[in-house]
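>>> sequence and predicted structure are below.
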Amino acid sequence: MKLHFIAIGGSAMHSLALALHKKKNTITGSDDAIYEPSRSALKKQGLLPQTLGWFPEKITTDLNAVILGMHAKKDNPELKKALELGLKIYSYPEFLFELSKEKTRVVIGGSHGKTTITAMILHVMQYHEKEIDYMLGAPVGGIEKTINLSDENDFILIEGDEYPASVLDLRPKFHLYQPNIALLSGISWDHINVFPTFENYVEQFQFFINSIVKGGILVYNEEDETLKSLVERTENQIRKHGYTSPTYHISNGETILETSEGDMPLEIFGRHNMSNLAGAKWICQHMGIDEDDFYEAMMEFEGARRRLEKVYENQTSMIFKDFAHSPSKVKASTQAVKEQYPSKKLIACLELHTYSSLNSEFIKQYKNTLDAADEAIIFYSPEAIAKKQMQAISAEHIQLSFNKPDLEVISETSVLSNLLRSKDLNNSVLLLMSSGTFGNLDLEEVKTFF
């Protein structure tokens, strides 16, 4: 096929372009900004656009299809040309579905844990040399690429998120995959720029449950009451398998899972990750991996990148980076670290970076999420608020919202760096939580403070 990608530089878009190029399709693309690692990956395969920008002349009648990225706006010149010519236009998830129509589609959804659960399943499959197709929403350590497409594999494992498919199709991506096997890890309101009310957000998961093919399987976290209620109410004729967090204990800073075959030490930790593991086990069993083989593989699983990832350790202290940004993730990660290292001082540092977290009303959802921390710091950038064209938010409002009187609120990277430098970091854990970069905080410099 001859395919053109509008907004080829996106994380998922460039990965799909590379995968289709490898399958001998003719690929072209455009974008107005392309960053690393997408830039180098596209350049290596000869797919990097020679000039940044949008060029309607690239849109020609001999194209089999146009793949439209979410980054592209309605007035995109290439999109306008494709519509004028009546070309077939797919969003990323639409095209992925077209490629996987004849496969067993396994879709991992939920407000939290998607990347980790998907990574767990893929790790188990690779450990046991079981070849599957997959699409990851983010890079995972030990896995070379975020997408794998073949003609012969029976399964495709897809991380399904709630963001809109494209500017032409505002349905959440995970509505478009029509899974044969699905998992939902839980529901916790987020993305208020897309889903302004909790009820509207929950409704998306009801649609997803109803999109599972008739006779399909839904694995779900039955400890989540909102999700459990949706599953019980659905009229879709599917099989339902609820899961709960397994029993575990912590010994000398190591998490030990209690199984029918005896105690099993794990590299990962935290109650939320034990729940993720329970869901992943169910999915793997439905994909042909028995319980013993699952546990054997999981003993070597070190976690998904930037999900409670240990980035520094000395004799007494350590630093973890975590992608946590929504209230439920912040609370789960903070509690997990304190539970794992109860004798160490926990310094939790959270960047308010997303549209939701910088909203003066939504921020109230963060109440008590940092309670497990011995010391807590909030970082936010006034420039980010201005760029998102949002109402300014005060340090006092942030402190009240988190309900933590000793919370330190900082809005300059240099001030944050100096504060960390001034702290007694002996016998401590620094937990950095953000989907951003703390205003390009120099992590290598921070390591020297210990």
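Cool, the structure landed.

>>> buried sites along stretch 83-90?
Leu87, Ile89, Tyr90 (16 or more other C-beta atoms under 10 Å). For every residue, glycine as well, the C-beta is placed using N, CA and C.

>>> quick one: contacts for Leu425?
By C-beta atoms under 8 Å, 6 or more residues apart in numbering, Leu425 lies in contact with Ser317, Ile347, Phe449, Phe450.

>>> can you give me the helices for the stretch 351-450 of the chain?
Applying DSSP state H, counting those that start in this stretch to the stretch 351-450 of the chain gives helices spanning 382-387, 395-402, 413-422, 443-447.

>>> okay, the ones you listed, which one's buried deepest?
When those are scored by mean count of other C-beta atoms under 10 Å, the highest mean neighbour count falls to helix 395-402 (a mean of 17).

>>> packing partners of it?
On a contact count with 3 or more C-beta pairs under 8 Å, 6 or more residues apart in numbering; DSSP states H and E, helix 395-402 meets strand 375-380, strand 408-410.

>>> the longest one: how far from the chain's middle?
For strand 375-380, the distance from its own C-alpha centre to the chain's C-alpha centre is 22 Å (C-alpha atoms, centre = their mean, to the nearest Å).

>>> can you list contacts of the top helix by length along the chain?
With DSSP state H setting the assignment, residue counts place helix 271-286 as the longest helix in the chain. Under the criterion C-beta under 8 Å, 6+ apart, residues 106, 108, 112-113, 116-117, 120-121, 124-125, 181, 183, 185, 217, 219, 221, 223, 241, 243-246, 248, 255, 257, 266, 268, 291, 294, 298, 303, 308, 332-333, 335-336, 339 lie in contact with helix 271-286.

>>> which of those count as buried?
The neighbour count (16+ other C-beta under 10 Å) marks 106, 108, 112-113, 116-117, 120-121, 124-125, 181, 183, 185, 217, 219, 221, 241, 243, 245, 248, 255, 257, 266, 268, 294, 298, 303, 308, 332-333, 335-336 as buried among the contacts of helix 271-286.

>>> helices - which of these land there?
Per DSSP H, the buried ones among the contacts of helix 271-286 map to helices at Thr116, Ile117, Met120, Ile121, Val124, Met125, Phe294, Met298, Ala332, Ser333, Gln335, Ala336.

>>> so how far is Ala336 from the first one?
Yep, that's Thr116 we're talking about. 12 Å (C-beta to C-beta, to the nearest Å).

>>> next one: the fourth one
From Ile121 across to Ala336, the span is 21 Å (C-beta to C-beta).

>>> any idea of the mean pLDDT in the longest helix of the chain?
Average pLDDT, helix 271-286: 96.

>>> sorry, back to before: as a markdown table, the contacts of Leu425 with neighbour count, pLDDT and distance to Glu57 would be great.
Conversion of the contacts of Leu425 to a markdown table gives the following (neighbours: other C-beta atoms under 10 Å; pLDDT from 0 to 100; distance: C-beta to C-beta, whole Å):
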| residue | neighbour count | pLDDT | distance to Glu57 |
| --- | --- | --- | --- |
| Ser317 | 19 | 96 | 57 |
| Ile347 | 24 | 97 | 54 |
| Phe449 | 14 | 94 | 54 |
| Phe450 | 17 | 92 | 55 |
